[in-house]
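Undergrad: A predicted structure for the sequence below; I have some questions about it.
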Amino acid sequence: MTVPQETAGINEPRARAGDAEKDPRPSAVNFVTTEHFALQSARAATIAESTGRATMFLTSASGGLIALGLVATATGVGTAFYAFGLVLLPTLAFVGLVTFERAVQIGLEDYLLMRRIALLREYYFREAPELQRYLVSVPLSEVLTAGSLLAGRGQLFGGQSLRTVAGMVGVITAVLAGATAGLVAVAASSHSLATALSSSVVVALAAMTVLMRFQVRAYRQAATGRLLADLDSGDAQ
């Protein structure tokens, strides 16, 4: 059965209009690509700030410990050494604590930015499914756990907490806190090595446990918070 030429001519513009409605608007494409570029730039800024703060902390810690060693060489393990160490080590631990807190905040910002980029990539694949064979699409959970040596239950945030910049700073801060406790114990116990070691180990492990739990709780709150829920609901719409 042949379609009259007049009917075919009428239906052709309607078909073109339907195809045009299925394609994303040029303005939407421009908005999405601009947002993707802005998110990538923001991630680069967070990574640079995290690296810079960790570098400043490590420089301060290494310089302070070198100074402590020079004082021990010049004056011996005496009153001057204990006085200098009890001022220096708590100060370094405080610097590490504030660096750890800011590094956790920066890590959360980077995690949320990465999540938003993943949502934009889902939009790309939905609007242009032919690109899936050319672009890598990896779930966010696999990206966060890739290459981890700490497998098992709770590995997503529990194992990752030791691999972040904040985790590294937290471990060093805990060691500095333990060294402070050990120095106090040595001065108070008439140079008892067993007392100093036990005090430093207990304080260091306790401080590291508290800091790592704080970081894990912060990441879990970010993963289940209102911001990501809003993003997910917006993506579903």
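TA: Nice, thanks for sending it over.

Undergrad: only C-alpha atoms for contact and neighbour calcs from this point on.
TA: Will do.

Undergrad: Now do the helices in this protein.
TA: Ranges of helices within the chain are 5-22, 26-75, 79-127, 140-145, 165-188, 193-223, 226-236, based on DSSP state H.

Undergrad: can I get these in JSON lines with mean pLDDT and distance to R133?
TA: Shown next, in JSON lines, are those (pLDDT from 0 to 100; distance: least, C-alpha to C-alpha, whole Å):
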{"stretch": "helix 5-22", "mean pLDDT": "48", "distance to R133": "22"}
{"stretch": "helix 26-75", "mean pLDDT": "88", "distance to R133": "20"}
{"stretch": "helix 79-127", "mean pLDDT": "88", "distance to R133": "10"}
{"stretch": "helix 140-145", "mean pLDDT": "55", "distance to R133": "18"}
{"stretch": "helix 165-188", "mean pLDDT": "91", "distance to R133": "34"}
{"stretch": "helix 193-223", "mean pLDDT": "88", "distance to R133": "29"}
{"stretch": "helix 226-236", "mean pLDDT": "49", "distance to R133": "22"}
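
Undergrad: quick one: which of those is nearest Y134?
TA: Counting by C-alpha to C-alpha, Y134 lies closest to helix 79-127 out of the helices of the chain; the figure is 10.6 Å.

Undergrad: on that earlier part again, and the helices of the chain, which is most packed in?
TA: Between those, helix 165-188 has the highest mean count of neighbours, a mean of 23, where neighbours are mean count of other C-alpha atoms under 10 Å.

Undergrad: how close does the spatially most central residue of the chain get to T46?
TA: Ranked by distance to the mean C-alpha position of the chain (C-alpha atoms, centre = their mean), the top residue is G107 at 2.6 Å. Note on G107: its distance to T46, by C-alpha to C-alpha, to the nearest Å, is 8 Å.

Undergrad: Also L39?
TA: With distances defined as C-alpha to C-alpha, the gap from L39 to T46 amounts to 11 Å.

Undergrad: now swap in G170 and tell me
TA: 18 Å.

Undergrad: do R25 as well
TA: The value you get for R25 to T46, if C-alpha to C-alpha is used, is 32 Å.

Undergrad: so H36 touches L120, yeah?
TA: Yes: the criterion here is C-alpha atoms under 8 Å, and H36 meets it with L120 at 7.1 Å.

Undergrad: which residues are common contacts for these two?
TA: Residues touching both H36 and L120 by C-alpha atoms under 8 Å, 6 or more residues apart in numbering: none at all.

Undergrad: which phi and psi does V77 have?
TA: Main-chain torsions, V77, degrees, to the nearest 10: phi -80, psi 80.

Undergrad: Around it, how many other residues sit close by?
TA: As a burial measure, the neighbour count of V77 was computed by other C-alpha atoms under 10 Å and equals 12.

Undergrad: What does the pLDDT read for it?
TA: The model reports V77 with a pLDDT of 77.

Undergrad: Can we start the residue count at 42 from this point?
TA: Sure thing, new numbering starts at 42, so read that last one as V118.

Undergrad: Switch the helices of the chain over to JSON lines, and while doing so, append distance to Y175 to every line.
TA: Putting the helices of the chain into JSON lines (distance: least, C-alpha to C-alpha, whole Å) gives the following:
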{"stretch": "helix 46-63", "distance to Y175": "22"}
{"stretch": "helix 67-116", "distance to Y175": "17"}
{"stretch": "helix 120-168", "distance to Y175": "11"}
{"stretch": "helix 181-186", "distance to Y175": "18"}
{"stretch": "helix 206-229", "distance to Y175": "32"}
{"stretch": "helix 234-264", "distance to Y175": "29"}
{"stretch": "helix 267-277", "distance to Y175": "23"}
